[in-house]
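J.: Sequence first, predicted coordinates after that:
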Amino acid sequence: MVLSQLVQYTLEGKPFEPLEIKPYRWITIQEQNDFVNFIDSLGGLAKQITTEEKLSWCASEFEKYRCKNDPNHARRIKYLACGRRGKCPRCSMSYASKRAEIMYQWLRKNIAKHLPFDLKLNQIVLTLPEPLHDMDVKLFSKMVRKFMTEFGIEAYGYCNQTRHSKNPLDGKYLHTHILSLNIKKESNGIVQNAYYFDVERMRKVWKNIIIKNTGFEVEGEVDLHTEYVSVIHDPRRVKHLLSYLYRYPIEDLFKVQIRNKSINYVQFSQIENFDGANNTLQLDLSKKVYELTQEKKSRIVWCGLLTSARRKELVRLLKIDESEWTSLADVEKDLDLRAKCCLDCGCPLEDQPYDRGSYQADNEPELFQ
């Protein structure tokens with residue numbers, strides 16, 4: 001008998017229905033339709049985003065795959081996506097989540113599990129006074145590095161961003177998100193570094209760096225945020241912080257306009273800039289949205305012990321064999337391979353899908369506001 005023809009039955013004599021593994025969908029059908037309608041309503045350049053990128057089609061069809069070893073094992077469902085990250089909110093969210101998962105696994109396997117102390121990931125957000133938002137990015141990066149040196153942080157990465165997540169279509173808003181690890185080099189090994197900092201001192205140091213490098217007299221306190229989380233004990237939060245650095249601006253626009261409804265850009269534009277020419281305002285908004293989708297994603301810069309140039313040194317300091325080190329490429333390859341294998345036995349799935357169809361809203365994401 002051909003393996004794919006085997007059928008198992010329950011005690012009631014009914015055909016056994018294998019578990020179906022459904023991936024997270026990121027946005028609901030309603031949200032997807034609302035976003036496409038919002039873009040379409042702008043016309044002009046923005047109209048190209050929906051007509052050329054097939055955003056309304058994304059993930060509207062599925063394929064089902066069975067285990068090569070036993071067709072009665074759990075089956076996997078794959079949603080056919082447009083892959084237009086930077087333009088499609090769904091694909092952008094999926095991309096950021098995957099990159100965060102890869103980086104998290106890299107941190108856990110290569111560093112966290114080899115330390116005698118709890119590895120912490122610390123997020124620091126540094127901002128500038130509004131008159132300095134047009135600052136040269138190279139100067140800003142120099143200031144960020146100076147700040148990290150002042151606090152003796154030896155392993156970190158930062159991502160300079162120019163859009164405000166709560167109003168992504170507003171003017172330039174230069175700021176940086178930093179993720180650091182509480183590790184530092186000492187003699188011939190790795191020891192625990194600080195992960196909890198005096199926020200008042202951080203504000204004072206950052207304020208002095210701004211004044212020294214720009215000559216701008218900062219009035220009052222500077223805006224600064226910091227928090228930390230355990231890599232081993234709180235993976236969900238760690239991945240959330242990582243995915244924020246990998247996200248595209250289109251995700252912020254989607255959340256503001258559609259999911260959170262914190263700004264209705266069409267209405268907001270007309271109220272703030274009304275001059276009797278709504279058509280002109282609409283086209284201006286269309287241009288802003290189009291420009292947002294054409295931006296390159298902000299790059300993450302790894303520094304200190306996390307640079308590729310110091311990889312061999314880090315391996316030596318952790319006192320592990322090079323064979324125990326896993327590259328980011330290998331982590332990604334392993335995750336992709338597991339996604340194509342049976343959840344029950346680990347065998348590969350069949351090469352071709354056994355079923356295809358249209359998504360019927362049976363796997364909508366649960367949204368927690």
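T.: That came through, no problem. In this text the structure is predicted, and so the values were computed from the model without any measurement.
J.: who touches Y104 in this structure?
T.: By CB atoms under 8 Å, 6 or more residues apart in numbering, the residues touching Y104 are 231, 235, 238-239, 242. C-beta here means a position set from N, CA and C on the backbone, and glycine is covered the same way.
J.: Next secondary structure element downstream of the one helix or strand it maps to?
T.: Counting by DSSP states H and E, the element that carries Y104 is helix 89-110. Using DSSP H and E, the helix or strand that directly follows helix 89-110 along the chain is strand 120-127.
J.: which outside residues touch that next one?
T.: Outside strand 120-127, the residues that touch it by CB under 8 Å, 6+ apart are 107, 144, 147, 175-182, 195, 197, 202, 206, 222-231, 238, 241.
J.: Contacts for the next helix or strand after it next, please.
T.: As assigned by DSSP H and E, the chain's next helix or strand after strand 120-127 is helix 137-150. Contact with helix 137-150 is made by 126, 128, 156, 158, 160, 174, 176, 178, 180, 205-206, 209-210, 213-214, 301, 303-304, as judged by CB under 8 Å, 6+ apart.
J.: just checking, what packs against the helix or strand hosting V315?
T.: If you go by DSSP H and E, V315 is part of helix 311-317. Counting contacts by 3 or more CB pairs under 8 Å, 6 or more residues apart in numbering; DSSP states H and E, helix 311-317 is packed against strand 189-192.
J.: before we move on, back to that, in TSV, list the contacts of Y104 along with neighbour count.
T.: Converted to TSV, the contacts of Y104 look like this (neighbours: other CB atoms under 10 Å):
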residue	neighbour count
V231	21
P235	16
V238	25
K239	18
L242	23
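J.: Go through those residues and flag which are in helices.
T.: 235, 238-239, 242 (DSSP state H).
J.: L292: which of the residues you listed is nearest?
T.: In terms of CB to CB, no member of these lies closer to L292 than L242, at 22.3 Å.
J.: Which pLDDT does the model give that closest one?
T.: L242 carries a pLDDT value of 97.
J.: same deal with S41?
T.: The per-residue pLDDT reported for S41 equals 89.
J.: Is S92 in contact with A81, as I believe?
T.: No. S92 is not in contact with A81 according to CB atoms under 8 Å; the separation is 10.7 Å.
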